[in-house]
Each structure stands twice: as C-alpha cells, then as structure tokens.
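[1] Everything below, folded, please.
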Amino acid sequence: MVVIGLCRSCYYLTDSYWIGKLGTTHLAALGGSAFAWWMMFITCNIAGYGVNALVARHEGASSRQHIAPAIVQGLWVGLGIYLTLLVVAYPLRDVYFQLLGFVSGSEEQLLGSEYIGIGLIGAIALAAHAVTLAAFRGIGDTRTALWITVLSLLLNAGLDPVLIWGWLGAPTLGIAGAAWATTAANATAAVLGIFILARKGYLLRPRAPQPRILGVITRIGLPIAAEGIGFSLVYVLLGQFINSFGTEQMAALGVGHRIESLAFMVCVGFQVGASTMVGQYLGAKDPKGAALAANRAAVLCTAVVLPLSALLYLFAPQLFSIFTDDPVTASAGVTYLRIQALVAVFMGIEVVFQGGFNGSGDTVPPLLIGVIFTAARLPLAWLLAWPLGMGIAGVWWAIALSTVVKGIICWLWFRRGRWVNALSEEDLSVE
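    Reported below is the predicted structural model:
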C-alpha cells in the first residue's frame, strides 16, 4: 500500500512535470486546481471507504459470500456520487477559482476551469476505480491492487506528453490533456479490477440497489469525504492569503503539495493497512488485536516517514528545480516544503489513526478533528503572516502547527476505544 501511495503521487508529479514546461501560468492554474481535484477525489472515494470497511469485516468473519454484493452496492453509490458532481460541482468551477483569488477571466482561471471540468466529466472512472481498489484492500490482496495501480500510472505517464504536447500526431490539448490522461488511466484500472475480482471468485453480477446497504456505505464514507472537502475549502480560503503574495506562491504551493505527497502517500499506505487490519480483527471479534494493529501501523509509519522527511528537507531545492525554472516560485516552494517536512511525522500519526477509525466504521471523530483544526489555519495564518510580520512563511507555519495538533488529538481519541461498536451485525448483512 505504501508503494501504491507513491504511485498515486507520481500521477500528480507527472502532470506537474509536463504542465510545468508550458510555463508558470499553467503551473499556477494546476496549483489552484489541486484543491478542487482533491475534493473530487475524496468525494469519489466515499463509496470506496464504505466498501473497504464492509469487505474487511466480511473477510475477517470468513463470510466471503457477502463481499461481491457489497462491492456492487458500492458501485451504485459511486454512480450516484458521479451524477451529483456533474449537477452540483461542474457549474461552480468558475466560482471556485474566484474564491481562490484568481481574477475572473484570467488565463490561470480559464485554464484551471478547463482542467477541473474534464476531471469532473471523467469522475465516473475515478469512482469505479476507488471501489475496486477498496475491495482488494478489504480482502488484503494489496499486491493485485499494486500491479493495477502501476499499470494505470504507466498509462497516465505515457498519455501525458501525447495529449498535452500532441506527440505521435495526437491533437495538442495542453493542460486539458493531463486530465484526459488521468481519466483514461482510471477507467482502465477500474475495468481491469472488475475482471480480476471475477477471476478471484467475486463476480460482480448486476444487483438492484439495497437502500439500507447504500446508506451504510454512505454513512461510513461521507464523514471522511466531508473532512477532506473541509480541508480543501480551507485551502481555497487560504488561497486568498497566498495569492496576495503573488501567483508564484500559489504555483509553489501546488508543486510543494505534489512533492510533499511522497510522504503523505506513504502515510496513506499505512492508513490503509490500519483500516484493513482493524476491520478484519473486528470481524474476527478481536478488538484488542485491532487496537494493536493500528498502534503498530503508527510506529512503522513513523519509522519510514522520518528518513523520508529528512530527504525532502535536504533536497528541496533540487526537487523544485525539476518542475520550475522560475527562481521566485522555487524559493517559495523550498521554504514551504522544508517547514512541512519538520512535522511530517505528526501527519503520519493523524493519517494512520484515521485509518483505524475508518476500518471500524466510526468515521465521525476524524471529521471533527480535521474540520476544527484545519479551519484554525485561517486565523492562525492571518495572525502569523501580518500582525506578527512573518509574511508567506507565516501561512506555511500555520499549516505545520495545526498538523502537529491534529496528529496528537487523533491518537488520544483513538485510545478511548469507542470505535469498537461502531457497526452492528445488521449494518453488515448484505444480500
């Protein structure tokens, strides 16, 4: 799962590399789009989070006959989410960029709106991929999930220059080409996942939607998505602060997020491990084993993230030089990356115990912790940037300090143990 997370990071790093060659304007548009893309990604994963929890419970309880029906119900939820995104989010693309601080009608705003629009059109592939990947996680078959992810990454990397720059006689689509490449890669991964699941005995036969199971899947996944969307909306509002220091700062944040995602996706790998093992242990009626699995995941994550964050700190200038030649953007990005590298361990602690909560089906505590303390970045960023005179570095430090607090509180809340009884037997039964 760690390697899968790193592959996910490479999706965005590949896009940043090729789009960065189009210029700082395109890179700023991509950086501004990052928060909208994350909101779309986390929303499409609502079904995946619910399916992961249910499948892990059935795997732990050896009731594997319920796994395929649960996956099918997850695909129904994914379809509903996709249609909702098209109706609600697609018309609000321009409003999003205005909230971010981009000038209406500017080149950055138009490019970003085009990129996000295509992503929303192709979000059905993202939702289906999220469900199939969650199914493999739930049964513990992460090797198959890895190979599917690697294949989709290679496809995305191969299509990027073809569609962005018009290689091999293809039309030159610019920034839109990156969105189409990602959509094609997700669609391929989803279809391949469904085929392999069938080969493993989990044939996804058409089944009518079961409102009760749809509700359970949504109940598990929605708080996780709400926390992620709240996280992104805070960054949208932070964009007002960041853009006031120049669009180069927004470009720096966009690239910095993608480089930082190398550490974040490692944390997500251990998060998924914690989520799957907590679910399987609870399915086997062993809550002590579930708690031990989550704590060991946190220790292992810390051991991996510490040296990785040290490398990000030391080689920040070299990493940014890959994506931009602009000295202002590179300087701002190095400052951002080094500050976040100092607190990456706390990010790992937060993310891993979020996985523990997710695997148990008790997803409200991470929502509360995430929303409250991520929102606290806004007044803290203002205080550090202007009254205390730290400038853009104050915004970066506000992000880092809140990361420390969230990690500590998430760990303490998990220790309370109330997540053990989050799902009842009735919640788990599916036809």
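[2] Quick check: phi and psi at residue 376.
    phi -60, psi -20 (degrees, to the nearest 10).
[3] Please look at it and residue 403 and confirm they touch.
    No - counting by Cβ atoms under 8 Å, residue 376 sits too far from residue 403 to count as a contact (11.1 Å). Any C-beta I mention is one placed from the backbone N, CA and C, and that applies to glycine too.
[4] Specify which residue of these two has the higher count of neighbours.
    Of the pair residue 376 and residue 403, residue 403 is the one with more neighbours under other Cβ atoms under 10 Å, namely 23 against 16.
[5] following the one helix or strand the more buried one maps to, which helix or strand comes up?
    Using DSSP states H and E, residue 403 sits in helix 392-414. Next in sequence after helix 392-414, counting helices and strands by DSSP H and E, comes helix 425-428.
[6] Which residues does that next one contact?
    Contact with helix 425-428 is made by 54, 57, 58, 61, 66, 216, 361, as judged by Cβ atoms under 8 Å, 6 or more residues apart in numbering.
[7] Contact partners for the residue lying closest to residue 422 once chain neighbours are set aside?
    Leaving aside its chain neighbours, residue 422 sits nearest to residue 362 (3.6 Å; criterion: Cβ to Cβ, 6 or more residues apart in numbering). If you count contacts by Cβ under 8 Å, 6+ apart, residue 362 has them with 418, 419, 422.
[8] Which pLDDT value goes with the last one?
    What it means is residue 422. pLDDT, the model's per-residue confidence, is 90 for residue 422.
[9] for the first one, same thing?
    We note a pLDDT of 93 for residue 418 in this prediction.
[10] Count residues in the vicinity of it, would you?
    By the criterion of other Cβ under 10 Å, residue 418 has 12 neighbours.
[11] where along the stretch 251-400 of the chain do the strands fall?
    Assigned by DSSP state E, counting those that start in this stretch, the strands in the stretch 251-400 of the chain number zero.
[12] thinking again about what came up before, now, among the contacts of residue 362, which is nearest to residue 184?
    residue 422 (37.3 Å; Cβ to Cβ).
[13] quick one: the closest one and residue 356 touch, right?
    No - here residue 422 does not reach residue 356: they are 11.1 Å apart, not a contact under Cβ under 8 Å.
[14] Mind checking which of these two has more residues around it?
    Higher neighbour count among residue 422 and residue 356: residue 356, with 28 against 19, using other Cβ under 10 Å.
[15] Can you give me the neighbour number for the residue lying closest to the more buried one once chain neighbours are set aside?
    The shortest distance from residue 356 to any non-neighbouring residue, by Cβ to Cβ, 6+ apart, is to residue 294 (3.6 Å). Per other Cβ under 10 Å, the neighbour tally for residue 294 reads 28.
[16] give the contact list for residue 294.
    Residues in contact with residue 294 (Cβ under 8 Å, 6+ apart) are 274, 277, 278, 352, 353, 355, 356, 414.
[17] What is the nearest of those residues to residue 122?
    Using Cβ to Cβ, residue 355 comes nearest to residue 122 of the contacts of residue 294, at 27.2 Å.
[18] Neighbours of the closest one, how many?
    For residue 355, the neighbour count with other Cβ under 10 Å is 32.
[19] Quick check: the gap between it and residue 299.
    Per Cβ to Cβ, to the nearest Å, residue 355 is found 14 Å from residue 299.
[20] go on, residue 286?
    According to Cβ to Cβ, residue 286 and residue 299 sit 19 Å apart.
[21] So which of the two has more stuff around it?
    residue 286 (14 against 11).
[22] Look up how far residue 138 lies from the more buried one.
    Distance of residue 286 to residue 138, given as Cβ to Cβ: 17 Å.
[23] what does residue 195 give?
    18 Å.
[24] the more surrounded of these two?
    It is residue 138, of residue 195 and residue 138, that has more neighbours when counted by other Cβ under 10 Å, with 29 against 12.
[25] For the closest residue to the more buried one other than its chain neighbours, give me the pLDDT.
    Among residues not flanking residue 138 along the chain, residue 55 sits closest, at 2.7 Å (Cβ to Cβ, 6+ apart). Residue 55 carries a pLDDT score of 95 in this model.
[26] Residue 67 is in contact with residue 55, correct?
    Yes - with contact defined as Cβ under 8 Å, residue 55 counts as touching residue 67 (5.3 Å).
[27] one step back: closest one of the contacts of helix 425-428 to residue 205?
    Closest approach to residue 205 among the contacts of helix 425-428 (Cβ to Cβ): residue 66, at 13.4 Å.
[28] What ranges in the stretch 201-350 of the chain fall below the confidence cut-off?
    Low-confidence segments of the stretch 201-350 of the chain, defined by pLDDT under 70: none present.
[29] still on that earlier bit, make CSV from the contacts of helix 425-428 and add secondary structure to it.
    Formatted as CSV, the contacts of helix 425-428 follow (DSSP: H, G, I helix; E, B strand; the rest coil):
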residue, secondary structure
54, helix
57, helix
58, helix
61, coil
66, helix
216, helix
361, coil
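[30] Just among those, which is most surrounded?
    Top of these by neighbour number is residue 54, holding 31 neighbours under the definition other Cβ under 10 Å.
[31] Please name the nearest non-neighbouring residue to residue 182.
    Nearest residue to residue 182 in three dimensions, chain neighbours excluded: residue 156, at 5.7 Å (Cβ to Cβ, 6+ apart).
[32] Pull the number of nearby residues for that neighbour.
    Residues near residue 156, counting by other Cβ under 10 Å: 24.
[33] Next: residue 416.
    Counted with other Cβ under 10 Å, residues neighbouring residue 416 total 8.
[34] same thing with residue 382?
    Residue 382 has 17 neighbouring residues, counting by other Cβ under 10 Å.
[35] repeat for residue 318
    Residues lying near residue 318 (other Cβ under 10 Å) number 9.
[36] do the same with the one 4 residues further on
    Counted with other Cβ under 10 Å, the burial measure for residue 322 works out to 12 neighbours.
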